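**Q** Could you work out the structure for the sequence below:
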Amino acid sequence: MFNWLEDVAEAVSPNALVAAGVLLLGPILLPVLGRGLRPLAKGAIKGYLTVQDKVREYAAVSTEQLGDLVAEARSEHGAAATGVVAAGEGASGSKERKAQSSSSGGKEKTA
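**A** Residues are numbered from 1 along each chain as shown. Coordinates of the predicted model:
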């Protein structure tokens, strides 16, 4: 009487039996597993959001520090360039004043 069941069991692969079991028990087990996994998923999402906030904070601080360094370097570069030009102008300007004072009899011209 159960010979046909044995024939079917021999013809069906073990993977097909597992798939049939999942199909039959899936609707029963998924809600139970879902309730258990929900807190884990929620915790993982919270962790991701925390890490995301920290990365944004560190990126903002790093960007600000880099901007400060660039501004400081530009300021020093500008001061060095202005200092070189001013020193060059100062030397030539004092020569011009000496030349003017000697040609005007020692009196400086005022404009």
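**Q** Output the lowest mean pLDDT helix or strand found in the protein.
**A** Within the chain, confidence by mean pLDDT, DSSP states H and E is lowest for helix 3-11 among all helices and strands, at a mean of 70.
**Q** next SSE after that one?
**A** As assigned by DSSP states H and E, the chain's next helix or strand after helix 3-11 is helix 14-103.
**Q** Any stretches of this structure with poor pLDDT?
**A** Counting by pLDDT under 70, the chain contains low-confidence residues at 1-2, 4-5, 8-9, 84-111.
**Q** same thing but 80
**A** 1-17, 22, 29-30, 32-34, 83-111 (pLDDT under 80).
**Q** quick one: residue 71 from residue 78, how far?
**A** 10 Å (CB to CB, to the nearest Å). Yep, even glycine has a C-beta here, placed from its N, CA and C like the rest.
**Q** Next: residue 60.
**A** The gap separating residue 60 from residue 78 is 27 Å, by CB to CB.
**Q** How about residue 17?
**A** Taken as CB to CB, the span from residue 17 to residue 78 is 80 Å.
**Q** With residue 7 instead?
**A** Residue 7 is 93 Å from residue 78, by CB to CB.
**Q** do residue 19 as well
**A** From residue 19 to residue 78 the distance is 74 Å (CB to CB).
**Q** repeat for residue 68
**A** 16 Å.
**Q** do residue 72 as well
**A** Taking CB to CB, one finds residue 72 at 11 Å from residue 78.
**Q** Then residue 33?
**A** 66 Å.
**Q** outside of stretch 38-46, which residues touch it?
**A** Residues outside stretch 38-46 that contact it (CB atoms under 8 Å, 6 or more residues apart in numbering): none.
**Q** Which positions in that stretch come out as buried?
**A** Within stretch 38-46, no residue counts as buried by 16 or more other CB atoms under 10 Å.
**Q** As PDB, could you dump the C-alpha coordinates of stretch 69-88?
**A** What follows is stretch 69-88 as a C-alpha-only set of coordinates in PDB (Å, rounded to 0.1, in the frame of the first residue of the first chain):
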ATOM      1  CA  LEU A  69      45.900  75.600   7.300                       C
ATOM      2  CA  VAL A  70      45.300  76.900   3.800                       C
ATOM      3  CA  ALA A  71      44.300  80.400   5.100                       C
ATOM      4  CA  GLU A  72      47.400  80.500   7.300                       C
ATOM      5  CA  ALA A  73      49.700  79.400   4.500                       C
ATOM      6  CA  ARG A  74      48.100  82.000   2.200                       C
ATOM      7  CA  SER A  75      48.500  84.700   4.800                       C
ATOM      8  CA  GLU A  76      52.200  83.800   5.400                       C
ATOM      9  CA  HIS A  77      52.800  83.600   1.700                       C
ATOM     10  CA  GLY A  78      51.200  87.000   1.100                       C
ATOM     11  CA  ALA A  79      53.100  88.500   4.100                       C
ATOM     12  CA  ALA A  80      56.400  87.100   2.800                       C
ATOM     13  CA  ALA A  81      55.700  88.400  -0.800                       C
ATOM     14  CA  THR A  82      54.700  91.800   0.600                       C
ATOM     15  CA  GLY A  83      57.700  91.900   2.800                       C
ATOM     16  CA  VAL A  84      60.100  91.300  -0.100                       C
ATOM     17  CA  VAL A  85      58.400  93.900  -2.300                       C
ATOM     18  CA  ALA A  86      58.200  96.400   0.600                       C
ATOM     19  CA  ALA A  87      61.900  95.900   1.300                       C
ATOM     20  CA  GLY A  88      62.700  96.400  -2.300                       C
END
